[in-house]
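A.B. asks: below are the sequence and a predicted model for it; my questions follow.
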Amino acid sequence: MNLPYRLILASKSPRRQELLRSLEVDFEIRTKEVDESFPATMPVNEVAEYLAVKKSEAFENLKANELVITSDTTVLNEGQILNKAENTEEAFEMIQSLSGKTHQVITGVCLRSSNKSVSFSETTKVTFRVLEKAEIEHYIQNYQPFDKAGAYGIQEWIGMVGIEKIEGDFYNVMGLPLHRLYKELKHF
């Protein structure tokens, strides 16, 4: 893809960096600290896109040839947002709450240049089979559930053995809806 912009990915996430690299585009990483709070009355399915836009607004002095990509991923289970787990117990509770159920993963993305902004969100439904306590414990002990919304990575062991089906973009669950992002970049 030949873009007239210099791409900036505003994310410390190694998964997002890997995903964007897989689109074969050059980019640099530039991050800013942003308050990730949102209005309590906001519908939970709008939070990811709201936060992606909020993160993009921190890049107010972009050069004319720069395009920043910001994103946020939320995991919704029974109408509740599951953030990143703070500790082992919280990670266990989160994964156990997903066991045997279908939940939604929503990634919001914002593309911002010095004179234009486009945002969107993508939703993927993920269904876990009923997980055994020992399986959840194995995953938490051997993988890194603490830097992921919902305390799991679909591309890791728990996803391989525990997820029965997904409806939607697989890469969306990892943190960037690549199909939609590619399309939006081409039309930006």
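C.D. replies: Okay, I see it. Quantities reported herein were computed from a predicted structural model and do not represent experimental measurements.

A.B. asks: where does the residue nearest to Ala85 when sequence neighbours are not counted fall, secondary structure wise?
C.D. replies: Ranked by Cβ to Cβ, 6 or more residues apart in numbering and with sequence neighbours excluded, the top spatial neighbour of Ala85 is Ala91, at 3.7 Å. Where C-beta positions appear, they are placed from N, C-alpha and C, glycine not excepted. Using DSSP states H and E, Ala91 maps to helix 88-98.

A.B. asks: distance from that helix to the middle of the chain?
C.D. replies: 19 Å (Cα atoms, centre = their mean, to the nearest Å).

A.B. asks: what comes into contact with stretch 172-188?
C.D. replies: Outside of stretch 172-188, the residues within contact range by Cβ atoms under 8 Å, 6 or more residues apart in numbering are 1, 3, 5, 11, 13, 15-16, 19-20, 22-23, 25, 67, 69, 71, 73, 105, 107, 109, 111, 113, 116, 118, 120, 122-124, 126, 153-155, 166, 169, 171.

A.B. asks: so how do I select the buried members of these in PyMOL?
C.D. replies: To isolate the buried ones among the contacts of stretch 172-188 in PyMOL, judged by 16 or more other Cβ atoms under 10 Å, type:
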select buried, resi 5+11+13+15+16+19+20+25+67+69+71+73+105+107+109+111+113+120+122+123+124+126+153+154+166+169+171
